[in-house]
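Asks: this one's structure only:
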Ligand code: NDP
Ligand code: 8X3
């Protein structure tokens with residue numbers, strides 16, 4: 001039985017990845033900052049697979065290392081790491097951007113991903129195997145108006161994904177990324193700081209991706225035979241052609 005550590009498992013893509021993994025008999029280490037949501041998901045899935053929860057902010061490097069280094073028996077070998085925790089904060093032209101928003105995106109999406117990876121990779125190297133899936137974004141492949149720092153953070157994830165694959169190649173560790181377009185989750189609520197009217201408008205007038213769609217593809221990625229590594233995937237809703245071109249006339 002394989003074990004997966006999923007960051008950002010309290011919502012959206014991470015939560016649905018946990019649900020899909022449980023159907024494939026993958027033991028789960030679920031991470032997030034909202035313990036009550038981790039508890040609820042653990043209660044939902046524990047009849048299918050063993051589940052352990054870790055409550056930490058990926059920005060807090062001491063807590064990241066402390067939690068991952070003190071995993072209980074049965075959860076110490078991590079076969080799959082899904083680096084999913086992240087969000088956009090704000091959507092402003094660079095000249096009006098909030099430094100707090102910039103710090104959050106760089107600290108969570110880039111540095112947090114690195115801290116978690118740094119804690120997990122030695123375990124994978126010791127096992128001479130492992131699979132890291134990095135959740136990037138179309139924002140890591142192109143830049144759109146007012147996306148500036150979020151796009152920069154996801155371009156960094158794209159580069160880190162490629163760098164990890166090169167550096168971990170000799171250790172037998174698979175590394176791949178998935179770059180979704182518009183997925184309806186809590187993402188836009190976070191980006192617009194609870195302004196639900198603005199958040200809902202992002203997904204109005206077309207059929208966006210659902211977190212289940214991305215979870216399904218991540219599950220496909222981690223269930224390929226050992227010699228197959230899906231290295232880089234861009235996944236869009238059919239109505240979306242690029243970050244700025246969305247056909248809002250078809251639902
Ligand atoms: P959600 O807001 O629904 O989920 C984000 C998750 O990240 C939550 O579980 C949240 O948990 C966790 N998280 C956020 N900040 C922190 C932190 N500081 N420490 C620990 N965990 C944190 O959004 P999505 O599911 O959509 O986003 C998941 C990933 O997918 C992100 O990396 C996002 O950039 C990416 N993505 C999303 C797209 C979309 O359109 N939705 C498209 C492309 C990529 P908690 O708050 O409990 O800590
Ligand atoms: C999330 C997709 O287009 O809102 O990464 O940046 S987008």
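Replies: Yep, that arrived. Worth saying up front: this structure is predicted, and the values here are computed from it rather than measured. Ligands and ions are numbered 1, 2, ... in the order given.
Asks: From here on, just use CA atoms for contacts and neighbour counts.
Replies: OK.
Asks: OK, contacts around residue 229?
Replies: 174, 175, 176, 221 (CA atoms under 8 Å, 6 or more residues apart in numbering).
Asks: from those, which is closest to ligand 1?
Replies: Lowest distance from ligand 1 to these (CA to the nearest ligand atom) belongs to residue 176, with 14.2 Å.
Asks: would that closest one count as being in a strand?
Replies: Yes: counting by DSSP: H, G, I helix; E, B strand; the rest coil, residue 176 falls inside a strand.
Asks: From residue 70, how far off is it?
Replies: 26 Å (CA to CA, to the nearest Å).
Asks: Quick one: mean pLDDT for stretch 68-87?
Replies: For stretch 68-87, mean pLDDT is 98.
Asks: and the stretch 51-200 of the chain, which residues reach ligand 2?
Replies: With the criterion set to CA under 6 Å from any ligand atom, the stretch 51-200 of the chain comes near ligand 2 through 137, 139, 181, 182.
Asks: how about the nearest residue to the first one, chain neighbours excluded?
Replies: It stands for residue 137. residue 179 (3.9 Å; CA to CA, 6 or more residues apart in numbering).
Asks: Over to the third one?
Replies: In space, and not counting its chain neighbours, residue 181 is closest to residue 236: 4.7 Å by CA to CA, 6+ apart.
Asks: if we can go back for a sec, when residue 176 and residue 70 are compared, which one has more neighbours?
Replies: The neighbour comparison of residue 176 against residue 70 (other CA atoms under 10 Å) goes to residue 176, with 24 against 10.
Asks: got the contact list for the nearest residue to that one once chain neighbours are set aside?
Replies: Spatial nearest neighbour of residue 176, chain neighbours left out: residue 231 (4.1 Å); criterion: CA to CA, 6+ apart. Applying CA under 8 Å, 6+ apart, we find residue 231 in contact with 175, 176, 177.
Asks: Could you report the distance from the last one to residue 5?
Replies: So the one you mean is residue 177. Counting by CA to CA, the gap from residue 177 to residue 5 is 16 Å.
Asks: same deal with the first one?
Replies: As judged by CA to CA, residue 175 and residue 5 stand 14 Å apart.
Asks: thought residue 161 was touching residue 174?
Replies: No: using CA atoms under 8 Å, residue 161 is not in contact with residue 174, being 10.4 Å away.
Asks: So which residues of the stretch 51-200 of the chain form strands?
Replies: 51-55, 80-83, 130-135, 173-180 (DSSP state E, counting those that start in this stretch).
Asks: Export the ones you listed as TSV, with columns for distance to residue 200.
Replies: Listed next are the strands of the stretch 51-200 of the chain as TSV, based on distance: least, CA to CA, whole Å:
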stretch	distance to residue 200
strand 51-55	28
strand 80-83	26
strand 130-135	22
strand 173-180	18
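Asks: Quick check: which of the ones you listed is nearest to residue 66?
Replies: strand 51-55 (10.3 Å; CA to CA).
Asks: Report how many residues lie close to residue 224.
Replies: Using other CA under 10 Å: residue 224 sits among 11 other residues.
Asks: got the phi/psi numbers for it?
Replies: Here is the backbone geometry of residue 224 (degrees, to the nearest 10): phi -70, psi 160.
Asks: Now do it against residue 204, distance only.
Replies: Separation of residue 224 from residue 204 (CA to CA): 35 Å.
Asks: Ok, residue 163 next?
Replies: Using CA to CA, one obtains 37 Å as the distance from residue 163 to residue 204.
Asks: Which single helix of the protein contains the most residues?
Replies: Counting by DSSP state H, the longest helix found in the chain is helix 148-167.
Asks: So in terms of bridging, what pairs with the residue nearest to residue 137?
Replies: residue 234 (DSSP bridges).
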